[in-house]
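Engineer: Structure, please.
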Amino acid sequence: MISDAEVEKLRGRRAPGPAALSLYLPVPAGPAGVRGLAARAGDLMAGAGAGGPDGAGTAGAGPADRDAVLGALAAPGRAWPGRTVAFFACRQLGLFEALPLPRVLPGRAVLATRPHVRPLLAVIARCPDYLVAITGRRRARVLSVSGTRVETLASQSEGPRGHGLGGWHGRETRRLRQRIIPLGRHHDREVAAILARAAGPGRPGPLVIAGRHDGITGLLQELPPAAREAFAGSLAAGPHALTPARVRQLAGPVIGGWVARREQELAGQILGGLAAVGLHASLAAVNQGVAGHLLVAHEGMIPGFACGRCGVLSTGRVECPGCGTAAPAVPDLLEEMVQRTLDGNGPVTMIRDAPFSVAARLRFPLTGRENVTREADDEDCSDPAGADRNPWQGTGRVRGAG
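Structural biologist: Alright, predicted model coming up:
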């Protein structure tokens, strides 16, 4: 599973020109699609860098980087059916990485000065690592799920065996059944303590509890507040039937619902405060360095321009008012906004189903003419070139600006 540390490592690699190839290649599940995979990769790489807003840019990946990708695809034992593989190659930087991702993403090839990491951030946000507590009367397990990998963090067995209770009668049966109750509570406390340690500050993430209804309720009651806040949902299933593969299959929709709720809550929090909404208002926020938290909902690419001297981003090739030079083309303005926000230690969250393409929580109000409220929002995403708008004048919507 891709991690934030790996994304930061990729972000630290930078070429002097648009020479870093990023290829996101979906691998079909069937053998017929796999046979045409090299041709599909070649087509994507041939078009990388050629889609700038004015046709500028270097068309196609370099031969060495293209050959490295095709060689990896042809290597024996390299099969990723039903997944997407992210390739990052740049001979100038000595860079080559092939990262299989836990979900299918659209095919994309980008040539830029840095690896194109926005799809990786979307995968991290939508496929978080999580914990699963499987609780039963006599046995409990705590599993850690990261991508397609499932590991057992702890396993416990307590209490008398159930087959001995079935043939006993009278007072002895009642006495043994009464013993199970305190043993069960102790069992829940032990599991809760394990979850509190596993889901601490160093391992944030959602928690799924699986088992029978009474076991789920009992464990929830024992959880400390911090672990209870991480509770994403439950699975009603017999503990013995929950193999690692079955756990991932059943927990997937629970985690998906938790992610969607978190996205909507975060969007509501940001839009309820001082925020820039829409491409142009968010560009102004990034250019002024006041974007505290960037939300990106648009999954496509929006070509634009970036001044090579002062770094100002724009949707149209206009003379930069800061240094008086014409800005060169960049393949994706949203990627540039993400990179600038992360460079300034601001968080970036990829979300879905939002009423905007991009929005930013503001550290401070926008200055100058950008601090103007308009009802128009994200029509600009269907018109990436910006129709000759001056990018340093606000044309998006600024909320909470007084």
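
Engineer: going forward, measure contacts and count neighbours with C-alpha atoms only.
Structural biologist: OK.

Engineer: is it fair to say residue 28 lies in a helix?
Structural biologist: No - counting by DSSP: H, G, I helix; E, B strand; the rest coil, residue 28 is located in no helix; its state is coil.

Engineer: How about it, nearest residue that isn't a chain neighbour?
Structural biologist: Of all residues not flanking residue 28 in the chain, residue 82 sits nearest, at 5.1 Å (CA to CA, 6 or more residues apart in numbering).

Engineer: Identify the residues contacting the one you found.
Structural biologist: 26, 27, 28, 29, 104 (CA atoms under 8 Å, 6 or more residues apart in numbering).

Engineer: Just the buried residues from the residues you listed, in PyMOL please.
Structural biologist: Listed next is the PyMOL selection for buried residues among the contacts of residue 82, using 16 or more other CA atoms under 10 Å:
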select buried, resi 26+27+28+104
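
Engineer: would TSV of the contacts of residue 82 with distance to residue 38 be doable?
Structural biologist: What follows is those, written out as TSV (distance: CA to CA, whole Å):
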residue	distance to residue 38
26	11
27	10
28	12
29	15
104	17
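
Engineer: Let's verify residue 156: helix, strand, or coil?
Structural biologist: Taking three-state DSSP as the rule, one finds residue 156 in the strand state.

Engineer: pLDDT at it, what is it?
Structural biologist: Here, the pLDDT recorded for residue 156 equals 72.

Engineer: do the same with the one 5 residues further on
Structural biologist: On pLDDT, residue 161 comes in at 43.

Engineer: got it, and residue 94?
Structural biologist: Residue 94 carries a pLDDT value of 94.

Engineer: show me the contacts for it.
Structural biologist: Residues in contact with residue 94 (CA under 8 Å, 6+ apart): none are found.

Engineer: what does the one 3 residues further on give?
Structural biologist: Under the criterion of CA under 8 Å, 6+ apart, the contact partners of residue 97 comprise 86, 87, 88, 89.

Engineer: Look up how far residue 127 lies from it.
Structural biologist: Residue 97 sits 20 Å away from residue 127, going by CA to CA, to the nearest Å.

Engineer: ditto for residue 216
Structural biologist: For residue 216, the distance to residue 127 equals 24 Å [CA to CA].

Engineer: What of residue 273?
Structural biologist: Applying CA to CA to residue 273 and residue 127 gives a distance of 28 Å.

Engineer: same check, this time on residue 317
Structural biologist: 37 Å.

Engineer: and what of residue 81?
Structural biologist: 18 Å.

Engineer: Could you check which of the two is surrounded by more residues?
Structural biologist: Comparing residue 81 with residue 127 by other CA atoms under 10 Å, the one with more neighbours is residue 127, at 21 against 15.

Engineer: pLDDT score assigned to that one?
Structural biologist: As predicted, residue 127 sits at a pLDDT of 90.

Engineer: Identify the residues contacting it.
Structural biologist: Each residue near residue 127 by CA under 8 Å, 6+ apart is listed here: 102, 147, 256.
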